[in-house]
Each structure stands twice: as C-alpha cells, then as structure tokens.
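1. Sequence first, then the predicted structure:
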Amino acid sequence: MRLLLTIGFIIITFTSQYVWVTFSPVLTNIAEDLDVNPVLVGYLAVLYPIFFLILTIPSGILLDKNFRFWLAFGAVMTFLGGSLRVLMPYSYPWLFICQLLAAIGQPFLLNGFVPFASRLYEKRRALIISVLSLSMYLGIISALAAGYYLYTVGGVVMLIIPSATLSLVGIIFFLSGILLVKQDSPMSGYTFRVREVVGKRDLWMLGLILGFGIAVFDNLATWLQPVIETVGLGKYAGQAVALTLVSGLIGISFIPSIVSRLETRTIYLRTVIPLITISFITLSRYHEVYALYSLLAASGFLMMPGYPLIMDWIGRFHRKEIQGSATGFVGFISRIVSVILLFLAPQFIGSVKYYFTFLAAATALAFLFALQLPNDRKLRVQLDKT
C-alpha cells in the first residue's frame, strides 16, 4: 500500500546516496587496496553527476508518462548497484559497473520526489518532499560519517555491507507497496510538454542556482579528503562533511516550512548565498580543524534547505502534469554546471587556499543568478488569480 511504498522509497533513496559516496572518506586507502590511482576511485563518485546529467531530462519525461514503472526502474537499478558489489569487492572494474547501475537509477529516484509527493500526498506535499530530502542527505551522512570507522574494522567489505543490506530491505518494501497501489491511482501518467517546461524562466534560474550548490556539495564529498590531506587534516574529511550534512538536516527540519509558508524563497536564497561565500573565503585562509568544522557546519545549515525549497517551488508553481519533466529540466541545468565544476576541481586539490577560493567563486556566481530569480510572492499572487 501507500505506506509500504513510501517506506521503500525512503530506504532506496537513502541507499542510493550511500552507494554514491561509500569510498569518499577513505579514498586514498581504497586506491591502495585496489591498486589504482586515487583519482580513479574519485571518479566512482563522479559517475553519479555524469549520469544524472545524461538522464535527468529523459527520466523526468518517462516519469510523467509512466510514473509507476520508471520509479520502480530507478529503485531496482539502485538495488542492483548496492547489492552486487559484495560479489567482487576488490575488483575496480566490477565496482565501476555496480556504481554505474546505481548512477543510472538515481535520476529516476530524485526526479520522482515532486510528482510522488504531489500525486500521493497532495495536501502534505512539502512534508513528503522534506522527508525524502532528509533521507537523501542521511544516506550521504551515514556513508561519510561511518566510512573511516567501517574501513578500519573490516576494509572494503565492511564498507559495502550496509548498502547491500539496505538495498535488499528497501526493494522489498518498495515493490510490495507499488504492486499493491491501485492501477487507477494518482500514479498514472501525464504527457510531457517540452515547450512549456523549457519556456519557464524561473526553471532556468533554479537550475543554475541548484547547479552551483550541488557543485559545492559534490566537490566536498568527493575531493575534500585529498585536499585537506595536504595540510595534515585528511582524517577529518569524512567527519567534516558529515557534520556539514547533519547541520544541514537541522536546517531542513524547519527552515523550508517557514520559508515556504512566508513565500520568501527568493529572499532566503539571496541572503544565505553570500554568507556561504564568506565561509569559503575564510577557509581558504585558515586551515585549522575547528575552523573547518564550524564553517562547513554553518554553510550546510544555510545551504542544504535550498534543495527542498527548490523542489517545493516546482510543486507550488508548476502543474502536476509537468512536475517530473520540470524537475528533470532543473536537474539537467544543474548537472551541466556541477559536472563542469567537478571536473575542474582536480586542478585545485593540491592547495587548500586555491580549492576553497574555487568554491567561493562558484557560490558567488550562484548569487548572481539568485538576483535574476522571480519574486515567489508575486508568482503566488499570479497563480491564485488563475
């Protein structure tokens, strides 16, 4: 039923993100175990943004046409990617294939947040989006926070056991629920209208803003460990990113609901982005562990609520018939930006100063696009009139 499906969706979303950054906290150690260059291990995580870029628009279109089938496709691909790694944990090509499967499934899951909430929980849309967003971030937090400890206990095998177990539990709940939901439920499909989506100026701005935000997060999750290893802080990388995410979850727990209720999404983005930029500029100059923890935590607290706010914007100001496609389009624009910056980042990982200056420049550009974002209060008034 709906509850089983929702629980399964939450667990599978958690697993998808856990698989993404499983190796990031111990990137250099895994490279030694697999006898490959550390950059190759980093590229396992890079597969996620690459395939999100490739599949985000197609996945959005497919979700609008047959939501039930394609959401299940994303869940099954995530299950395969998370569970099959245990078969050959010390084979880089095999881990690459499994990461590829999970990376293919991710766009169908993330682009399903808004249509899932709107179709099955219309009156509690914002709450369901926030819960799914929390699950997404918790998956990342868990992998980053526990990664170093799990590796020291049992090496590569211990690192991948949690995702294998959770993927099995998640797919059982998900498939049980989706098979029991009635065929004539609100999960039936809609028709994609490409001109309507591409012609929305606010979707372009949201995509660009989200892109720079995702780029910052992807860079921290992927490259922070080798960056701060240059100043002897490498062992703190996983905990630092996890702390960033935990503080972000605290922000997500109440900031989006307040901002959404007050219709001040645009004001919020224009206010917090400069503060995050200042944090990264400070980190480029001060290389102490406490500065790293406190400033990244503050940045996460302010930055992470932006994701559910952007998803809620789509659910609030765009019709159900195009929400999957609209989410996919925003994801496409965001991933073009994030993938470009993710591949540029290795040019700066040899210096903490240059790396955090690079991130500060990214957030500064995001602020310029936030200035072009329409006022959401005015959009609400226009929507209510129609």
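-> In hand now; what should we look at? Keep in mind that this is a model prediction, so the values were computed, not measured.
2. low pLDDT regions in the stretch 151-300 of the chain?
-> The model of the stretch 151-300 of the chain has pLDDT under 70 over residues 181-194.
3. Just the CA atoms of stretch 128-147, as PDB, please.
-> Extracted C-alpha coordinates of stretch 128-147, given in PDB (Å, rounded to 0.1, in the frame of the first residue of the first chain):
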ATOM      1  CA  ILE A 128       6.900  14.400   2.000                       C
ATOM      2  CA  ILE A 129       9.500  16.300  -0.200                       C
ATOM      3  CA  SER A 130      11.300  17.300   3.000                       C
ATOM      4  CA  VAL A 131      11.200  13.700   4.300                       C
ATOM      5  CA  LEU A 132      12.600  12.300   1.000                       C
ATOM      6  CA  SER A 133      15.300  15.100   1.000                       C
ATOM      7  CA  LEU A 134      16.200  14.100   4.600                       C
ATOM      8  CA  SER A 135      16.600  10.500   3.500                       C
ATOM      9  CA  MET A 136      18.800  11.600   0.600                       C
ATOM     10  CA  TYR A 137      21.100  13.500   2.800                       C
ATOM     11  CA  LEU A 138      21.100  11.000   5.600                       C
ATOM     12  CA  GLY A 139      22.400   8.400   3.200                       C
ATOM     13  CA  ILE A 140      25.300  10.600   2.400                       C
ATOM     14  CA  ILE A 141      25.900  11.500   6.100                       C
ATOM     15  CA  SER A 142      25.900   7.900   7.100                       C
ATOM     16  CA  ALA A 143      28.400   6.800   4.500                       C
ATOM     17  CA  LEU A 144      30.700   9.800   5.200                       C
ATOM     18  CA  ALA A 145      30.500   9.600   9.000                       C
ATOM     19  CA  ALA A 146      30.900   5.800   9.300                       C
ATOM     20  CA  GLY A 147      33.200   5.200   6.400                       C
END
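4. any idea of the mean pLDDT in it?
-> Stretch 128-147 shows an average pLDDT of 86 in the prediction.
5. How far does stretch 288-305 sit from its chain's centre?
-> 18 Å (C-alpha atoms, centre = their mean, to the nearest Å).
6. Give me the buried stretch members for it, please.
-> Residues of stretch 288-305 classed as buried: 292-305 (neighbour count, 16 or more other C-beta atoms under 10 Å). Every residue, glycine included, has its C-beta placed from N, CA and C.
7. From those, which land in strands?
-> Cross-referencing the buried residues of stretch 288-305 with the strands (criterion: DSSP state E) gives no overlap at all.
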